[in-house]
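Q: Quick one: sequence plus predicted model below, questions after.
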2 protein chains.
Amino acid sequence: MEISFYLPTQVRMGRNIVERSAQALAGFGKRAMLVTGRSSAVKCGAQADVTAILEKNGQTWVVFDQVMSNPTVDCVYAGAELARREGADFLIAIGGGSPMDAAKAIALLARQEIAPGDLFKGEFTGDVLPMVHIPTTAGTGSEVTQYAILTNDAAQTKTSLSGPMLFSDLALLDGKYMMGLSHRTTVNTAVDALSHVVEGMLSVKANPTTDLLAADAIRRITGNYQGLLSDTLTVEQRDELLYASMLGGAVIAQTGTTAVHSMGYSLTYFWGTDHGRANGLLMAEFAQVLLQRGYDKTREVLRLMGMDSPAAFRTWLDALLGERETITDAEVEKFSSIAIQAKNIANCPVVLTKEELAGVYRKSFGLA
Amino acid sequence: MEISFYLPTQVRMGRNIVERSAQALAGFGKRAMLVTGRSSAVKCGAQADVTAILEKNGQTWVVFDQVMSNPTVDCVYAGAELARREGADFLIAIGGGSPMDAAKAIALLARQEIAPGDLFKGEFTGDVLPMVHIPTTAGTGSEVTQYAILTNDAAQTKTSLSGPMLFSDLALLDGKYMMGLSHRTTVNTAVDALSHVVEGMLSVKANPTTDLLAADAIRRITGNYQGLLSDTLTVEQRDELLYASMLGGAVIAQTGTTAVHSMGYSLTYFWGTDHGRANGLLMAEFAQVLLQRGYDKTREVLRLMGMDSPAAFRTWLDALLGERETITDAEVEKFSSIAIQAKNIANCPVVLTKEELAGVYRKSFGLA
């Protein structure tokens, strides 16, 4: 029995959990920097909840609301510069994966001098600003991972920074912040969460603990299929998806992601495809390749989702994702060349070739 | 959906995991203090594995092997004194619950000045010596809890210190260290682990995450019943029980224990009954009281164990525990008076009266 499990983030979930965490937040210091996207943290009500508590606690704050989708290296250096200048004692990230990931890089850069060219070179250790993460989408699980995924223009893809100190100190989860999400974002983020637990179960680093968490998350996500399709999720169902998303983060914190993420990054980098959708477009054909290569655990994962084949999985995903993009031969060649060099390819349970990755791209987009 | 989960200990499990953790151990500092019982750490081979790695790493060590069963306050002060005098950078606890719990108190007292009279007064924060925990029994789960249970002579019971910094930094789990355990210790510790997950599921603080872990552990422990009965556990089955025990620790770290532990402490304090056995003697009648009080989740717990009634649970336990002790009316009165004042009574899902606790003692020991 081989187990490796590390999840140092304190997870608190419940209705109005931000308001109920005043004491925990008070312990982080006198001055916070909120790290958010342009508007979502305000729109969903989380930012007002946070600042009300900070005010009640006698804590002050500054807001860095410049995080774009798929945050850039420039963005996180700007955030770190503001955190230093403003003397922030801790960060509160409010948002989806982009603000939550950006905050981790900012926490690192606010405390350590690292040149932009060294950012993607390996694991970090040492000091970072303390962090609180409040997800406002139910997909990334970033609130409980040690990864910060940034746009890496040098490599024309997205690349993760990682290190054990990049785990957030405190994650506060409340499904009420997801009630205003668009149908599209709800679906894409749910598919992202599903990709984490499916890939986590199919990673070489999967173990009985991660499989237990992943199976629970798979049941909760697929169990909410009708609500996802019809955009009729109640706040309790939003909670369940948010919880599953957190479990997905806890899983990939141990297992890493696999080829689906490696391949999806090109769709995001070159086409601007949303990250969760990108994974969803590729997942069924990835499962098909693993089955063809004789990796039987793939059947167990399909069964947990209530499916008997990768084709059934594809049908299930198609109903959520709608019409697929088209791809050219040149793009297949380029994207598979980039994906085969990604770090997370090594987590696949069988060694995939560049040709197999190209095949997944082709079949996923109907290119014979 | 209400979740509260915190488990900052890095868990590594596998065959020869101590040898495979040289790098992780090297990061803890130059000088270790090993905290052990009189002989078990040596007999099971764990101490030799640890010192071989320390030597290879160029780390030095001192051994504090004075931890008795149900460690006393004097013992942990003596350990802290030695750690200070020897300039230990970190502690490595090797043993069952007693050395593992003692090490946490020693880690605290080596870094903070706390008077013996203040030891049981509340939660601690602040600095402690870094810790590594290596369990040599599969019962306590102490390697992943924030509790250190000590003999509290002033209150004539066992009382826990607790605090978020009392979580070990690193837990190393290998079932091979359990191969030499006596049948009695194997059974008692397995019953202890079972009590953690049963009580965890029946705690008011149970949540979907702890229930998921607890259910998995219950299945693994009850699934090894024949091997436990016949003392024929393979090393893989030992691994499974050790893993379940760790899950039990992860569960009670969130849920606390309940009346079974509160009541069992008197059996240990006054009769010297082994801790796991003490819990086992009381568990079935505790389940009976909860059912009588209409707490239906009790049936779910019984069903997970493959049982249809508390009577079946008692039969199952009796085969493991053998003949029961006898109790007097005076002892019932005294023990229930002490138990009703224990902190963990508050974790019961129904408010139990002293008379109900007395009833559990009576029925558990056949006193009409």
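A: Cool, got the structure.

Q: What helix or strand is residue A:265 located in?
A: helix A:259-266 (DSSP states H and E).

Q: Check the secondary structure at residue A:341 for me.
A: Classification of residue A:341 using DSSP: H, G, I helix; E, B strand; the rest coil returns coil.

Q: Phi and psi next, for it.
A: Here is the backbone geometry of residue A:341 (degrees, to the nearest 10): phi -90, psi 0.

Q: show me the contacts for it.
A: residue A:155 (CB atoms under 8 Å, 6 or more residues apart in numbering or on different chains). Quick note: C-beta positions are derived from backbone N, CA and C, even for glycine.

Q: Next to chain B in this structure, residues from the stretch 51-200 of chain A, please.
A: Neighbours of chain B within the stretch 51-200 of chain A, by CB under 8 Å from any CB of the partner chain: A:173, A:175.

Q: which stretches of the stretch 51-200 of chain A form strands?
A: A:60-64, A:90-95, A:131-135, A:147-152, A:157-162, A:170-173 (DSSP state E, counting those that start in this stretch).

Q: Now those strands in JSON lines, please, with extra columns for mean pLDDT.
A: JSON lines is the format used below for these (pLDDT from 0 to 100):
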{"stretch": "strand A:60-64", "mean pLDDT": "98"}
{"stretch": "strand A:90-95", "mean pLDDT": "98"}
{"stretch": "strand A:131-135", "mean pLDDT": "98"}
{"stretch": "strand A:147-152", "mean pLDDT": "91"}
{"stretch": "strand A:157-162", "mean pLDDT": "86"}
{"stretch": "strand A:170-173", "mean pLDDT": "98"}
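
Q: Show me the one of those strands that comes nearest residue A:360.
A: strand A:157-162 (16.3 Å; CB to CB).

Q: how far out from the middle of the chain is the closest one?
A: Centroid separation for strand A:157-162 versus its chain: 12 Å, with CA atoms, centre = their mean, to the nearest Å.

Q: Which strands or helices does it pack on?
A: Packed against strand A:157-162 by the contact rule (3 or more CB pairs under 8 Å, 6 or more residues apart in numbering or on different chains; DSSP states H and E) you find helix A:97-109, strand A:147-152, helix A:259-266.

Q: circling back to that earlier point, what pLDDT, on average, does the helix holding residue A:265 get?
A: Averaged across helix A:259-266, pLDDT comes to 94.

Q: Please apply the same query to stretch A:226-243.
A: Rounded mean pLDDT across stretch A:226-243 is 98.

Q: Can you mark which positions in that stretch are buried?
A: Neighbour-count burial for stretch A:226-243, counted by 16 or more other CB atoms under 10 Å in any protein chain shown, picks out A:227, A:228, A:233, A:237, A:238, A:239, A:240, A:241, A:242, A:243.

Q: Dump the residues you listed to TSV, plus secondary structure and distance to chain B.
A: Shown next, in TSV, are those (DSSP: H, G, I helix; E, B strand; the rest coil; distance: CB to the nearest CB, whole Å):
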residue	secondary structure	distance to chain B
A:227	helix	15
A:228	helix	17
A:233	coil	13
A:237	helix	10
A:238	helix	10
A:239	helix	4
A:240	helix	7
A:241	helix	10
A:242	helix	8
A:243	helix	6
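
Q: Go through the residues you listed and name the one nearest residue A:319.
A: The closest of the buried residues of stretch A:226-243, once distances to residue A:319 are taken by CB to CB, is residue A:228, at 9.3 Å.

Q: Got phi/psi on the residue of chain A most remote from its centre?
A: Residue farthest from the centre of chain A, counting by CA atoms, centre = their mean, is residue A:58 at 32.5 Å. Main-chain dihedrals, residue A:58, degrees, to the nearest 10: phi 70, psi 20.

Q: Which parts of the stretch 201-350 of chain A are helices?
A: Remark: helices assigned in the stretch 201-350 of chain A by DSSP state H, counting those that start in this stretch are A:208-222, A:225-230, A:235-255, A:259-266, A:275-292, A:297-304, A:310-321, A:329-339.

Q: which strands and helices sit next to the third one?
A: Using 3+ CB pairs under 8 Å, 6+ apart as the contact criterion, the neighbours of helix A:235-255 among helices and strands are strand A:3-13, strand A:131-135, strand A:170-173, helix A:183-201, helix A:208-222.

Q: okay, those, which one's buried deepest?
A: strand A:131-135 (a mean of 28; mean count of other CB atoms under 10 Å in any protein chain shown).

Q: got the angle between it and helix A:235-255?
A: On the basis of axes from the mean of the first three to the mean of the last three CA atoms, to 10 degrees, strand A:131-135 is oriented at 130 degrees to helix A:235-255.

Q: okay, which residue is most central for chain A?
A: residue A:140 (2.4 Å).

Q: tell me the pLDDT at the nearest residue to that one once chain neighbours are set aside?
A: Leaving aside its sequence neighbours, residue A:140 sits nearest to residue A:97 (CB to CB, 6 or more residues apart in numbering or on different chains; 3.3 Å). The model reports residue A:97 with a pLDDT of 94.

Q: okay, now residue A:97: neighbour count?
A: Residue A:97: 27 surrounding residues under other CB atoms under 10 Å in any protein chain shown.

Q: quick one: it and residue A:137 touch, right?
A: Yes: look at residue A:97 against residue A:137 with CB atoms under 8 Å: they come within range, at 7.3 Å.

Q: need the buried residues of stretch A:226-243 in TSV with distance to residue A:147, can you?
A: Shown next, in TSV, are those (distance: CB to CB, whole Å):
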residue	distance to residue A:147
A:227	29
A:228	25
A:233	27
A:237	27
A:238	24
A:239	24
A:240	24
A:241	20
A:242	19
A:243	20
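
Q: Just give me the closest of those to residue B:344.
A: Closest to residue B:344, out of all of those and judged by CB to CB, is residue A:243, at 26.8 Å.

Q: distance between stretch A:334-344 and the chain's centre?
A: 19 Å.

Q: what about it, how long is it end to end?
A: 18 Å (CA to CA, to the nearest Å).

Q: What of stretch A:263-274?
A: 13 Å.

Q: Give me the buried positions along that stretch.
A: A:263, A:264, A:265, A:266, A:267, A:268, A:269, A:273, A:274.

Q: Pass me the low-pLDDT residue ranges in the stretch 101-250 of chain A, would you?
A: Across the stretch 101-250 of chain A, nothing is flagged by pLDDT under 70.

Q: Count the residues that sit near the closest residue to chain B within the stretch 251-368 of chain A.
A: Nearest residue of the stretch 251-368 of chain A to chain B, counting by CB to the nearest CB: residue A:254, 9.9 Å away. The number of residues packed near residue A:254 is 23, by other CB under 10 Å.

Q: same question, the one 3 residues further on
A: A count of nearby residues for residue A:257, using other CB under 10 Å, gives 29.

Q: my guess is residue A:262 meets residue A:335, correct?
A: No: using CB under 8 Å as the test, residue A:262 is too far from residue A:335 to be in contact (9.7 Å).

Q: Can you work out which residues contact both of those two?
A: Common neighbours of residue A:262 and residue A:335 (CB under 8 Å, 6+ apart) are residue A:357.

Q: picking that back up, out of the strands of the stretch 51-200 of chain A, flag the one nearest residue B:124.
A: Using CB to CB as the measure, strand A:170-173 is the one of those that comes nearest residue B:124, at 19.3 Å.

Q: show me what contacts residue A:1?
A: Going by CB under 8 Å, 6+ apart, residue A:1 touches A:208, B:13, B:14, B:175, B:236, B:239, B:240, B:243.

Q: With residue A:353 instead?
A: residue A:340.

Q: Quick check: it vs residue A:286, distance?
A: As for residue A:353, its distance to residue A:286 is 14 Å (criterion: CB to CB, to the nearest Å).
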